[in-house]
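Engineer: Sequence and predicted structure are below.
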Amino acid sequence: MKFSSRTTRLPLIATAIVLVALFTVASILYEGFFSWRVVANLFGDNAALGIAAVGMTFVILSGGIDLSVGAVLAFTTIFVATLVQNRGVHPTVAIPLALLVGTALGTGMGLLIHRYELPAFLVTLGGMFFARGMAFVISSESVGITHPLYIRVLEFGLPPGAATPLSSTALAFLALLAAGTLTVHGTRFGRNILALGGSESSARLMGVPVGSTKVAVYAVSGFCSAFAGIVSTFYKSSGNPADGVGFELDVIASVVIGGTLLTGGVGTMAGTLTGVLIFGTIQTALTFDGRLDSSWLRIAMGALLLIFILFQRLLTRART
Amino acid sequence: MKGDRVVGMPARSRGISLLWPLLGLAALLVFNLIFTPSFFHLEMRDGHLYGTLVDILNQGAKVTLLALGMTLVIATGGIDLSVGSLMAIAGAVAALLVTQTNLPFVAVVGATLALTIVAGLVNGLLVAAAGIQPIIATLILMVAGRGIAMWITHGQIITFERASFVFVSNGHFFVLPFTVIIVLTLLCLTVFVTRRTAIGLFVESVGDNETAARFCGIPASLVKFLVYGYSGLCAGIAGLIAASNIKAADSSRVGEMMELDAIFAVVVGGTALTGGRFTLVGSVIGALLIQTLTTTMYNLGVPPAIAPVPKAIVIVSVCLLQSERFRSHARGIFLCRAR
Amino acid sequence: MSEPVLKVRDLVKTFGPVKALDGAGITLRAGEIHSLMGENGAGKSTLIKVLTGVHSPDGGIMELDGRTIQPRSTRDAEALGISTVYQEVNLIPTLSIADNILLGRQPTRCGFLQKKRMRQRAQTALGRLGLILDVRRPVGSCSMAEQQLVAISRALDIQARVLILDEPTSSLDEREVEFLFKILRRLRDDGMALLLVTHFIDQVYTVSDRISVLRNGAFVGEYRAAELPRLELISAMLGRAFEDVQQLRADAAELEPAKTGAFLDAVGIGKRGVLAPMDISIAAGEVAGLAGLLGSGRTETARILFGIEPADSGTLKISGQPVSIRSPLQAMKQGLAFCPEDRKSEGIIPHLSVRENIILAIQATRGPLKLLPRAEQETLAAHYVRTLNIRTADAETPVMNLSGGNQQKVLLARWLLTQPRLIILDEPTRGIDVGAKAEIEKLVQTLRQQGMAVLFISSDIEEMVRTCQRVVVLRDRRKIGELSGTDVQPDRIMNVIAHHEG
């Protein structure tokens, strides 16, 4: 298979064009759509999706897949909510603990995948069942969070005092996105991930520590899923074990629409951001419209997926 | 080497051993025999058979059907993630036709199944002709399918009362629930068609070594194309049963996660995700094992929501049992102990 | 003469029952280009993989500058200064040139890549080869020649002292080869020890100072290139002292070509970039051979005839009737059969039983619906297990549990069952034990006597001579000669291979 720089850049440009086009059409159709408030909410409302997508980008770039993100998110929300609300644990203790648990779960799955050469698909499916079940073990009902710290964090926004500031969840997303971008595109670890996804056998022959990279990637995804769960507790002021069913699908779709090849090795964090924003824009436009129900979100995402996958296939095939 | 043969079994040909899935199922049944004796209670009422075992067969019908289609897809080295969404589409279309038209129910079933077969064939086209990885190709319909189903029903839950439709999931045929009859019929038909013709052999050849199969003159692309159509058919029937069961088309919930249960059933049954040898009976046992597990926990008072945990344990154990590396590891530990 | 840098002796490496290396060795010296020669299965790739730490040897001595070494991974080997450019250039196509050259040793500051310094260092490494490329381009967009050079630059960046090149020229055109050799000579003059593995004899003589030959996993000899006649090199590789290569054919009379007309007659058949247009005809009751070294186009010819890679030029006649073969099934319907070279990845269906593997081709011609009745399958399988002497517990054993020779016989049974009129056998005896080899050779003669046409491909030149009445000689993916009757002699064939001016 031959790759040109077009394989990397064209999908990204195409997604960006789709995003701009969607936003423009929505701005023309719906009054008040073209506003700072919509943009700020785009980041705030889709923070959990975006954060999980950052983690998923790591996994997919390495040539793997993680189906457990939605369940890990749900587990984290109820884990934190129960600790804070029912056990009186301070959020500053509960939150790091939840992140640790998420990372440990990801690491465990990564170890199984690497050590025993198991298909990522099945192992993370197991992880998904496990996390979902454990979420319900903790509590079968939604738990609201009323801790003062939560209220203070929710009131926080940048710039302070603005009419519609960027919310704290949006800021968390942007911070994680920045960290993800730096890691993937600016470190040796990032290059090793891209090499692993580009060609595992070559990477091994070129001296890339394939095993530890693989495990690390799933650990990162576990961390991000847990982080997404924490953001979700802030966004909803509650934890719910039934949260995020089918969430992994939205996450994978956003990443792929962002131009990351599901086969691994090619993709950018900027693309993932674009994919998430496309998802958010369609969703916002649907609420503005009011006549169209949420089924259109899924149909539109499916159509975009189809177009982008065929497009990528053409790009890679045309040169073979 | 592909490790798709169960530990300790002689590597015989017609060959995936059903021993392990059967042992698993038996273990569960014995467990129930001890802890919930009523589990095995059967009684005849109005000429119909009732009891927990019958419920398991009845409630497991949907996953069993999906697993039948999934088995053939996986045997070719593929996977079909779209079956859950296809169930939703089938339910939506059938409910719409039943409530909005006067078409006879047979025609409704025919139209619905034709639609899901075509949808499955589209997956097949993406895989066989466009050369897209199966997991990606079917992801598209998995995402869009549910949306399409919701669009068909306008986001509403369409309820219906048509007796013939309600009968599909709630009726009895002689002593058994009608769903059990459907599953048995399709199982027999599929076993017959795959094993009494060369189709099964072709499927296994393509999944085991596609290049070699091509070099023998086997139409590998056509085989791959068609199995997705068959998976679509199975999903369609499962969708009809699901809708009939609740007398409504609930597009947003029906068939959710069921594709994963189906894949799980196939793997537990002994067919390897890498393709090749398949066993339809094994997949049925796998599906029943899942359903029995769920029912057992329900009987024990474990909330249904927690059911995924033991499921996760089973799935990872099965994966490990099939892993060549884990087996050599385990043997190593065992030998160390023995010394 | 300079001191040896890397000295390897008596290497042994087995993979299950197969002895890949059995007393292999090589001595590399600084400032020399050393070529490693050997036919398929001689152990060249395994030797290289041992040198670079991919495989660890079961026995033998490896010394670098007189000190014993045991590289356990590619990383180890690189740290020792042994770098390799593999045949299927092992780079990451999706990453940029600079990333590929520096993967794993990028310059960093506070953990972050210094992209500008990466570009500079990559450019410097390429510069040593006299090359100017945009190092930000993905490697996948480079030509094969450029990829080779990028891989070499990667080796240079680690200051390798030993550079191993595995078939570096197999996908380069003449101009690119020349450029590559210029670079290799420059590296040699800088004092590097280079090991070149290639099957292009002309290139070996153009560029190497010294030649080592491996055969059947064992070291055959080391020669100075200038003092080794081509014919002697080829006989060293093919396994018989030159003096002995004489008049092997015992009963030439029995091997007279059949007097019937051609069963298959191809004129100008070829495919762009795969095989130059060539003529070939095979008569019923004749064994025609395709001779040539590895990569000469033997397998390609077979694949084109069988419709796996359909021809884009020329005409094909079967029994005098013009036909077009675009797929294996069409070829089978014309009475063709093909036992591919790579038994494992193109022949057997590993998890299926001996019986199922045997009936697969005949079943494919019957179509999917008309299943051969089980009883008949068992009879047929039992018949072939008996007549071909296939050693297996029973016909229900998965074919992967059989030895190589018996797997080969299963494949032969598969095709004989279709009652072909022409059977193409691509390296049917490679990697199987002597007994099975003799049985297969005998079978070919039996088939010929029964009036079947056979196209026989083998790297074993004596086997070709024993088996074929007519030999078509290929080199560099074109036909360069044809020998028949009493001309089918090892020395004649070697002469054609060695001395044809391409």
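Structural biologist: Noted; the coordinates are in hand.
Engineer: other SSEs contacting the helix or strand where A:M134 lies?
Structural biologist: Counting by DSSP states H and E, the element that carries A:M134 is helix A:120-138. Packed against helix A:120-138 by the contact rule (3 or more CB pairs under 8 Å, 6 or more residues apart in numbering or on different chains; DSSP states H and E) you find helix A:69-81, helix A:91-115, helix B:258-269, helix B:308-322. All C-beta atoms are positioned from the backbone trio N, CA, C, and that covers glycine.
Engineer: Any chance of a markdown table for the ones you listed, columns mean neighbour count?
Structural biologist: Shown next, in a markdown table, are these (neighbours: other CB atoms under 10 Å in any protein chain shown):
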| stretch | mean neighbour count |
| --- | --- |
| helix A:69-81 | 31 |
| helix A:91-115 | 20 |
| helix B:258-269 | 27 |
| helix B:308-322 | 20 |
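Engineer: I'd like to know which of those helices lies nearest to chain C.
Structural biologist: Nearest to chain C, of all the helices and strands packed on helix A:120-138, is helix B:308-322, at 13.3 Å by CB to the nearest CB.
Engineer: Can you give the contact residues for that closest one?
Structural biologist: A:71, A:112, A:116, A:118-119, A:122-123, A:125-130, A:132-134, A:136-137, B:3-4, B:6-7, B:20, B:24, B:264, B:267-268, B:272, B:289-290, B:293, B:297, B:326-327 (CB atoms under 8 Å, 6 or more residues apart in numbering or on different chains).
Engineer: average pLDDT for stretch B:234-250?
Structural biologist: For stretch B:234-250, the mean pLDDT works out to 93.
Engineer: so where do the strands sit in chain B?
Structural biologist: For chain B, strands defined by DSSP state E occupy the ranges B:42-45, B:48-51, B:158-159, B:172-173, B:176-177, B:248-249.
Engineer: out of those strands, deepest packed?
Structural biologist: strand B:248-249 (a mean of 24; mean count of other CB atoms under 10 Å in any protein chain shown).
Engineer: So which other helices or strands are in contact with that strand?
Structural biologist: Using 3+ CB pairs under 8 Å, 6+ apart: strand B:248-249 touches helix B:83-100, strand B:158-159.
Engineer: Ok, which of the ones you listed comes nearest chain C?
Structural biologist: Comparing these under CB to the nearest CB, the one sitting nearest is helix B:83-100, at 24.0 Å.
Engineer: If you count neighbours, what's buried in that closest one?
Structural biologist: B:83-98 (16 or more other CB atoms under 10 Å in any protein chain shown).
Engineer: now stretch B:235-253
Structural biologist: For stretch B:235-253, the neighbour count (16+ other CB under 10 Å) marks B:235-252 as buried.
Engineer: My read is that A:T272 contacts A:A52, right?
Structural biologist: No: the criterion here is CB atoms under 8 Å, and A:T272 misses it with A:A52 at 10.3 Å.
Engineer: And the residue of chain C found nearest chain B, how far from chain A?
Structural biologist: Here the residue of chain C nearest chain B is C:S353; by CB to the nearest CB that distance is 3.4 Å. Computed with CB to the nearest CB, to the nearest Å, the distance linking C:S353 and chain A is 26 Å.
Engineer: I'd say that residue and C:T392 touch.
Structural biologist: No: counting by CB under 8 Å, C:T392 is not a contact partner of C:S353; they are 9.3 Å apart.
Engineer: Show me which of the two is the more surrounded one.
Structural biologist: Under the criterion of other CB atoms under 10 Å in any protein chain shown, the comparison of C:S353 against C:T392 puts C:S353 first, with 25 against 21.
Engineer: do you know how far that one is from C:K370?
Structural biologist: Per CB to CB, to the nearest Å, C:S353 is found 20 Å from C:K370.
Engineer: Perfect, that will be all.
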